[in-house]
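Engineer: Quick one, fold the following:
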Amino acid sequence: MDRAEDVLIRLLSRLGLGRPELRAWAMYDWANSAFWTTVILAVFPAFFSDYAAAGVAPTVATARFAWATTLAVTIVAVIAPVLGAMADYRALKKKMLAACVGLGVLATLLMATIGRGDWVYAALLFVVGNIGVATSLVFYDSLLPHIAAPDELDRVSTAGFAVGFLGGGVLLVLNLAWILYPTTFGLTDSVAAIKLSFVSVGVWWLVFSIPLFRRVPEPDVVLETDETGLENPLRIALTRVWEAFHHLRGYRNAFLMLVAFLLYNDGIQTIIRMASIYGAEVGIDRNAQIAAFVIVQFVGVPCAFLFGTAAGRIGAKPALFAALAVYVGISLLGYFMTTTWQFFALAILVGTVQGGSQALSRSLFARMIPKHKSSEYFGFFAVFEKFAGIAGPALFAASVTLFDSSRAAVLSVILFFILGALVLTQVDVAAGEAQARATETG
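Structural biologist: This next block holds a predicted model:
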């Protein structure tokens with residue numbers, strides 16, 4: 001038994017999950033990914049259009065849903081840096097994370113009470129749930145550099161994404177089974193199954209967040225030279241955000257990393273958001289699209305781990321370049337796509353790089369910021385992440401209008417990967433790490 005345990009611990013260590021606090025931290029990816037897969041991507045959009053906005057023209061329902069999404073993204077972009085600064089100043093990372101989880105879970109559970117035609121109520125709950133989950137990631141991500149050593153960051157970050165892919169995928173499969181075959185599970189119809197799915201997401205999110213709160217320690221506070229710790233937290237937070245906004249450019253490599261991330265993540269988000277409508281345009285039916293999305297989740301599990309291993313051998317930056325090259329290939333193949341099997345092939349390719357590219361972006365940024373200001377700077381990371389996906393769909397739409405072809409629009413997305421890669425070439429990771437560590441010790 002001892003030998004088996006030793007083998008298991010060594011395996012977990014190679015995957016980036018060797019210590020209890022690392023496994024507990026990664027479990028929050030498992031917990032919150034259920035909201036992203038079931039609520040944001042797979043189930044709630046159609047539920048909103050067909051049920052919550054029943055009686056409303058489809059185009060109007062889509063517009064209202066888009067506005068709700070935009071409102072949530074904007075609110076997160078505004079509050080994330082301020083809340084991050086407050087968390088750093090008063091050692092509130094875990095408490096603020098708990099508040100976000102509570103807010104998001106409550107909104108998700110209440111989705112089960114949405115009635116036919118209650119689109120305002122549904123949109124409000126969707127906005128609140130999005131704010132809860134997106135803001136929680138500011139504090140979750142900011143804990144990473146405090147629990148992982150510099151040489152562990154890539155593996156731990158990719159392990160988190162792998163665990164998240166698995167957790168989100170497992171619950172999504174169960175939710176889709178309920179929705180497609182409600183009577184088999186003793187449910188009256190698909191609407192009852194959808195509402196049960198929302199309840200399951202809320203419970204899943206809450207229960208699997210518990211290990212993080214039990215095992216991951218709250219980092220110590222490091223005050224600025226002119227702070228006593230007795231000031232008004234909001235005033236100090238606003239001051240810190242203003243100063244950080246100016247100082248961030250002083251962390252040249254961290255800032256360049258953010259700019260590169262903004263560019264190539266715009267391309268990634270465009271592929272994610274436009275895949276469904278583009279697939280429908282070329283004749284891919286809804287069931288095939290759902291199956292492809294499930295494929296992305298489960299392919300993402302081993303591939304995220306593989307990116308962590310690759311980063312340990314060749315470096316995170318080269319591994320990220322490899323992921324961007326695959327995304328260029330995805331765009332090229334998407335241009336020629338005509339059949340369902342090609343759509344599945346693209347889903348597999350997306351699954352191979354989606355988790356790895358996002359995880360390595362997180363760990364690279366974490367290397368180049370001072371640990372005692374991790375929430376503050378990950379607040380800015382959240383801002384850049386939320387605004388990624390604005391220019392891409394806009395360019396996509398402009399390309400469709402200009403060339404009267406969605407295929408040309410798919411090719412246009414390559415521009416974001418190329419520009420992001422060019423900026424990434426200017427990031428000196430070693431220099432960025434040295435500057436961040438000097439700030440911590442200085």
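Engineer: can you pull the contacts of the nearest residue to residue 168 once chain neighbours are set aside?
Structural biologist: With Cβ to Cβ, 6 or more residues apart in numbering as the criterion, residue 168 has its nearest non-adjacent residue at 3.3 Å, and that residue is residue 33. In short, each C-beta sits where N, CA and C put it, glycine included. Residues in contact with residue 33 (Cβ atoms under 8 Å, 6 or more residues apart in numbering) are 164, 165, 167, 168.
Engineer: could you check the distance from the last one over to residue 379?
Structural biologist: The reference is to residue 168. 24 Å (Cβ to Cβ, to the nearest Å).
Engineer: So between those two, which is more surrounded?
Structural biologist: residue 379 (31 against 27; other Cβ atoms under 10 Å).
Engineer: What is the burial count for the nearest residue to that one once chain neighbours are set aside?
Structural biologist: Nearest non-adjacent residue to residue 379, counting by Cβ to Cβ, 6+ apart: residue 84, 3.1 Å away. Residue 84 has 33 neighbours, counted by other Cβ under 10 Å.
Engineer: so how far is the strand or helix carrying residue 84 from its chain's centroid?
Structural biologist: If you go by DSSP states H and E, residue 84 is part of helix 58-90. Helix 58-90 sits 14 Å away from the centroid of its parent chain (Cα atoms, centre = their mean, to the nearest Å).
Engineer: Quick check: buried residues in that helix?
Structural biologist: Buried residues in helix 58-90, counted by 16 or more other Cβ atoms under 10 Å: 61, 64-65, 68-69, 71-73, 75-77, 79-89.
Engineer: just stretch 283-292 next, same as before
Structural biologist: Buried residues in stretch 283-292, counted by 16+ other Cβ under 10 Å: 284, 288, 289, 290, 292.
Engineer: Just the element for residue 347, please.
Structural biologist: Element membership for residue 347 (DSSP H and E) is helix 340-367.
Engineer: Point out where the stretch 101-250 of the chain drops to low pLDDT.
Structural biologist: The stretch 101-250 of the chain contains residues with pLDDT under 70 at 221-248.
Engineer: need the helices for the stretch 301-442 of the chain, in chain order.
Structural biologist: Assigned by DSSP state H, counting those that start in this stretch, the helices in the stretch 301-442 of the chain fall at 316-336, 340-367, 374-387, 391-403, 406-412, 414-424, 429-441.
Engineer: from the middle of its chain, how far away would the last one be?
Structural biologist: What it means is helix 429-441. Remark: helix 429-441 is offset 26 Å from the chain centroid, using Cα atoms, centre = their mean.
Engineer: which strands and helices sit next to that helix?
Structural biologist: In terms of contacts (3 or more Cβ pairs under 8 Å, 6 or more residues apart in numbering; DSSP states H and E), helix 429-441 is packed against helix 252-281, helix 340-367.
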